[in-house]
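> would you be able to build a 3D model of this:
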Amino acid sequence: MTDEQIALAKRAVACPKWRWMPGMLTDEGRRVMCVWPDDLGIKWSHLLDNRVVRDADALPDLTDPATLGCLLALVRKAWRCPTVYVRQSTTRRAIDGVIAWEVCDLYLDAEACRALGVPREGSVGSWGHGSEAEALVAALEAAP
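Numbers count the residues shown, from 1 in each chain. I've put the predicted structure just below:
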């Protein structure tokens with residue numbers, strides 16, 4: 001992962017609504033198979049047997065499609081809205097001129113939009129992000 005991807009993964013893990021989910025891939029190439037709480041925090045395993053691995057320094061690989069899908073699920077849960085989705089903006093561009101990514105929900109209520117300072121069209125969080133992962137992390141950070 002690049003330095004920029006590592007910084008983005010650290011932002012994701014720092015979010016109060018973040019949690020590891022089965023299917024996610026770590027920055028070391030380990031697929032999370034099981035996640036369950038205990039009094040010491042979260043245990044997760046990348047092994048199919050009963051051994052448990054806990055790696056407090058693990059970061060999600062935000063280039064992995066399954067991890068992005070799990071991140072989208074976290075955003076939907078955090079916003080309590082199952083219809084949130086990610087798209088490339090048809091009107092906005094990121095700083096370098098590349099089409100920007102945004103997280104949207106056409107059914108997001110007006111009060112939530114005002115709280116986020118976004119147009120009523122339903123963008124969740126800020127918009128104009130350079131990648132799908134960046135847009136999802138920003139939406140998770142902005143979650144109520």
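> in this structure, mark out all the helices, start to finish.
3-14, 65-79, 110-116, 132-142 (DSSP state H).
> which of those helices sits closest to residue 22?
Nearest to residue 22, of all the helices of the chain, is helix 65-79, at 8.2 Å by C-beta to C-beta. Quick note: C-beta positions are derived from backbone N, CA and C, even for glycine.
> identify each buried residue in that closest one, please.
Buried positions in helix 65-79, judged by neighbour count with 16 or more other C-beta atoms under 10 Å: 67-68, 70-72, 74-76, 78-79.
> ditto for stretch 137-144
Using 16+ other C-beta under 10 Å as the test for burial, stretch 137-144 gives 137-143.
> and that stretch, what's its mean pLDDT?
Across stretch 137-144, pLDDT averages out at 88.
> where does this protein dip in pLDDT?
Low-confidence regions of the chain, defined by pLDDT under 70, span residues 36-55, 90-99, 105-128.
> please redo it, this time with the cut-off set to 80
Along the chain, the parts satisfying pLDDT under 80 run over 33-56, 83, 87-130.
> to residue 34, which of the helices of the chain lies closest?
Minimum separation from residue 34 across these (C-beta to C-beta) falls at helix 65-79, 13.8 Å.
> would you mind getting the angle between that closest one and helix 132-142?
For helix 65-79 against helix 132-142, the angle by axes from the mean of the first three to the mean of the last three C-alpha atoms, to 10 degrees is 20 degrees.
> so helix 65-79 versus helix 3-14, what angle?
Following the same axes, to 10 degrees, one obtains 40 degrees for the angle between helix 65-79 and helix 3-14.
> tell me what helix 65-79 is packed against?
If you count contacts as 3 or more C-beta pairs under 8 Å, 6 or more residues apart in numbering; DSSP states H and E, helix 65-79 packs onto helix 132-142.
> helices or strands up against the helix it packs on?
Helix 132-142 packs on helix 3-14, helix 65-79, strand 85-93, strand 99-104, strand 123-129, going by 3+ C-beta pairs under 8 Å, 6+ apart.
> for those, give me CSV that also has distance to residue 27.
Shown next, in CSV, are those (distance: least, C-beta to C-beta, whole Å):
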stretch, distance to residue 27
helix 3-14, 7
helix 65-79, 10
strand 85-93, 21
strand 99-104, 21
strand 123-129, 20
